[in-house]
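Engineer: Fold the stuff below for me.
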Amino acid sequence: MAMNAQAGDHSDDPDLNTTINTTPLVDVMLVLLIIFLVTIPVIVKTVPVQLPNARNIATITKPENIVIAVDRDENVYYNNAPVDQGQLKDKFEDALRRALATGRPLPEVHIRGDKDVRFEAVGRVVLACQIAGIQKVGFLTEPRNDEPQ
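Structural biologist: I've put the predicted structure just below:
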């Protein structure tokens, strides 16, 4: 058994092509581009909702409801009586305990915030409601005036 081995020098061979064939790479990239262009609008799509207009809906005032007012100077009022921000959680917990002890419905908190008050002051009231365990918190607003001011 004989084997014919030649030297590995092929520099004289004019038929040898040493360039990279990029056609398959371009084909794959174009397919990926088309896939991304088709799938991205489906992924980024937002839920179409119609936002409500501001309307004043008459609220039914119940005796167990708690009305919290926050004025522009960030003073807090609990049922029209001034209260310290730190006492809110305790007052909410007391109202919940009284409601559970007497079998009455749980109180709702209605927040009346001045339009010029910082959100942080109203946020502290909402946080106190959350910590105390109040389940329903609402915001009271004025009816929208469509006339220019």
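
Engineer: Can you name the element that comes right after the helix or strand of the chain with the lowest mean pLDDT?
Structural biologist: In the chain, no helix or strand scores lower on mean pLDDT, DSSP states H and E than helix 23-44, which sits at a mean of 84. The helix or strand immediately downstream of helix 23-44 is strand 66-70, counting by DSSP states H and E.

Engineer: Can you list the strands that the helix or strand following that following strand pairs with?
Structural biologist: Scanning forward in sequence from strand 66-70 by DSSP H and E, the next helix or strand is strand 76-78. Applying DSSP bridges, strand 76-78 is found paired with strand 66-70 (antiparallel), strand 81-83 (antiparallel).

Engineer: Now strand 76-78: buried residues?
Structural biologist: Under the neighbour-count criterion of 16 or more other Cβ atoms under 10 Å, strand 76-78 has Val76, Tyr78 buried. Where C-beta positions appear, they are placed from N, C-alpha and C, glycine not excepted.

Engineer: same question for it, mean pLDDT?
Structural biologist: Averaging pLDDT along strand 76-78 yields 92.

Engineer: ok, residues contacting it?
Structural biologist: Contacting residues not belonging to strand 76-78 are listed as 66, 68-71, 82-85, 87-88, 91, 121, 125 [Cβ atoms under 8 Å, 6 or more residues apart in numbering].

Engineer: Good, we can wrap up now.
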